[in-house]
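1. Output the structure for:
(chains A and B)
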Protein chains: 2
Amino acid sequence: MSGTVYGLGVGPGDPELITLKALRILKAAPVIAYPAPETGDSFARQIVAPHLPGGQTEIAIRMPLGDGQFPKAEIYDAAAGAIADHAQAGRGVAVLCEGDPFFYGSFMYLYRRLVDRCDVQVVPGVSSLMACAGAAGLPLAARNETLTIVPAPLPDDELRMRLQSDAAFAIIKIGRHLGRLRRLLADGGWLARSWYVEHATLASQRSCRLSEVSEERAPYFSMVLVASARGER
Amino acid sequence: MSGTVYGLGVGPGDPELITLKALRILKAAPVIAYPAPETGDSFARQIVAPHLPGGQTEIAIRMPLGDGQFPKAEIYDAAAGAIADHAQAGRGVAVLCEGDPFFYGSFMYLYRRLVDRCDVQVVPGVSSLMACAGAAGLPLAARNETLTIVPAPLPDDELRMRLQSDAAFAIIKIGRHLGRLRRLLADGGWLARSWYVEHATLASQRSCRLSEVSEERAPYFSMVLVASARGER
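-> Prediction:
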């Protein structure tokens, strides 16, 4: 792995949902890097903590994480520079990514900055999308159904526009939008088809009908799944 | 695992992209079941073949697989009956699922028939959706973008209707629809944003711009990714 940068999908939360490939690279990499909040622990690092061999150089990429905050370009510029320095000195770098690196992950901003400077490889991981469907016991989509993934922070008008069909939906990035989203889904007649999942695959996992959730805010790691109206499943 | 039925996501093809959890259950299960074509080998079983301990009872669920064919209900009824018999006799059954069990997988038809009869657990897996994005070096979606998964066998009118937006798309089940789909995407102005991937994560993996693909048919395991027009990534 001399000098290769890996975008390493480490799965949705359960440390056992890492792949054999990601585990092998994780253990062999002299350097690991991971997103972390401005203070406190990195969730990506927590997921792999039971597997870490010790003695690795660690790069915590501190950034504002959470509702509606997008880190400044300078944060990715600096992190990409530090990672490229290691790679160009021949040291492999494993960049830990919650879920999958290319499904709404911040790794893509590093990828764009690194792909012309070093060998960059993406190791796909188990996404929260699939983890939430398994936790809810709700198949995402079947046969010739359409499945749309919609971020909850979109304005009401755009959310309604995206949802106007009989298709199946996964609504992500719920956070402080939970109450607004529940009302919007109720008004549109979707509530009976809507499931709520938080902390999928963790000990704190919760899964129930959205109609049974009364809170206004959800944890950052939560999702609403809306089943297809076609009932092909 | 006495008597539990597991829907086991075994990943997109590379045997190393199975999770630690799926591997543990796979090795411990006295019975494994898997979809298989009417003649020939099961792809799900091929994926895990390097990991099988030997000595397991195997249930090959023979069904028509491929372009536009949906197996008859009787096939799932019979398979669910055989699986339930093992489970009710206290034997754990691992049902192997290519990719993830609940993302356009046939496991959902067994799940529906088994969930009231036995303990059924879903182990999410790495989906071909994420594997193809990694292979193409193309992030699926970022920030507040919408991502829609659309099956290629839909009629032209419905495909155009689903694609009418600036969002990102993944078009699955390409098969014999490749030529028709390429012309439809070219007519609509999407071709410059379209990537083609086949056999992601296998030795035979191919990834290129869709405009560079001249065939009329694609393998069953292929996908077209259409990047968002927003360019947020």
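2. tally of neighbours for A:Asp156?
-> A:Asp156 has 12 neighbouring residues, counting by other CB atoms under 10 Å in any protein chain shown. Where you see a C-beta, it was placed from the backbone N, CA and C, and this is true even at glycine.
3. And the residue with the largest distance to the centre of chain A, how close does it get to A:Val31?
-> Relative to the centre of chain A, and counting by CA atoms, centre = their mean, the farthest-placed residue is A:Ala89 at 30.2 Å. Using CB to CB, to the nearest Å, we find A:Ala89 at a distance of 10 Å from A:Val31.
4. Which other helices and strands does the lengthiest helix in chain A contact?
-> Taking residue count as the measure and DSSP state H as the definition, the longest helix of chain A comes out as helix A:73-88. With contacts defined as 3 or more CB pairs under 8 Å, 6 or more residues apart in numbering or on different chains; DSSP states H and E, the packing partners of helix A:73-88 are strand A:4-9, strand A:31-36, strand A:57-62, strand A:93-97, helix A:107-114.
5. Contacts made by the helix or strand bottoming out on mean pLDDT in chain A with the rest, please.
-> Of the helices and strands making up chain A, the lowest-confidence element is helix A:156-163, at a mean of 92, by mean pLDDT, DSSP states H and E. By CB atoms under 8 Å, 6 or more residues apart in numbering or on different chains, the residues outside helix A:156-163 that reach it are A:148, A:150, A:152, A:154, A:169, A:180-181, A:184-185, A:188, A:190, A:226, B:146, B:167.
6. Can I get that helix as CSV, trimmed to CA atoms?
-> Extracted as CSV, the C-alpha positions of helix A:156-163 are listed here (Å, rounded to 0.1, in the frame of the first residue of the first chain):
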residue,chain,number,x,y,z
ASP,A,156,-40.8,22.5,2.1
ASP,A,157,-41.5,23.3,-1.5
GLU,A,158,-38.6,21.3,-2.8
LEU,A,159,-39.3,18.4,-0.4
ARG,A,160,-42.9,18.2,-1.7
MET,A,161,-41.8,18.4,-5.3
ARG,A,162,-39.3,15.6,-4.8
LEU,A,163,-41.9,13.4,-2.9
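7. residues of it that come out buried?
-> By neighbour count, and taking 16 or more other CB atoms under 10 Å in any protein chain shown as the criterion, the buried residues in helix A:156-163 are A:159, A:162-163.
8. and what of stretch A:31-50?
-> For stretch A:31-50, the buried set under the neighbour-count rule, 16+ other CB under 10 Å, comprises A:31-36, A:42-48.
9. pLDDT below threshold where in chain A?
-> In the prediction, chain A carries residues with pLDDT under 70 at positions A:1, A:66-68, A:230-233.
10. switch to 90 and redo it
-> Along chain A, segments meeting pLDDT under 90 span A:1-2, A:64-72, A:105, A:142-143, A:161-167, A:220-221, A:228-233.
11. The longest helix of chain A vs helix A:107-114, what angle?
-> 60 degrees (axes from the mean of the first three to the mean of the last three CA atoms, to 10 degrees).
12. Need the CA coordinates for helix A:73-88. PDB is fine.
-> The C-alpha atoms that make up helix A:73-88 are tabulated as PDB, following Å, rounded to 0.1, in the frame of the first residue of the first chain:
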ATOM      1  CA  ALA A  73     -12.800  24.600   1.900                       C
ATOM      2  CA  GLU A  74      -9.700  25.500   3.900                       C
ATOM      3  CA  ILE A  75     -10.400  22.600   6.300                       C
ATOM      4  CA  TYR A  76     -10.300  20.100   3.300                       C
ATOM      5  CA  ASP A  77      -7.300  21.900   1.800                       C
ATOM      6  CA  ALA A  78      -5.300  21.500   4.900                       C
ATOM      7  CA  ALA A  79      -6.300  17.900   5.500                       C
ATOM      8  CA  ALA A  80      -5.600  16.900   1.900                       C
ATOM      9  CA  GLY A  81      -2.200  18.600   2.200                       C
ATOM     10  CA  ALA A  82      -1.300  16.600   5.300                       C
ATOM     11  CA  ILE A  83      -2.600  13.300   3.700                       C
ATOM     12  CA  ALA A  84      -0.700  14.000   0.500                       C
ATOM     13  CA  ASP A  85       2.500  14.600   2.400                       C
ATOM     14  CA  HIS A  86       2.300  11.200   4.000                       C
ATOM     15  CA  ALA A  87       1.400   9.500   0.700                       C
ATOM     16  CA  GLN A  88       4.200  11.200  -1.200                       C
END
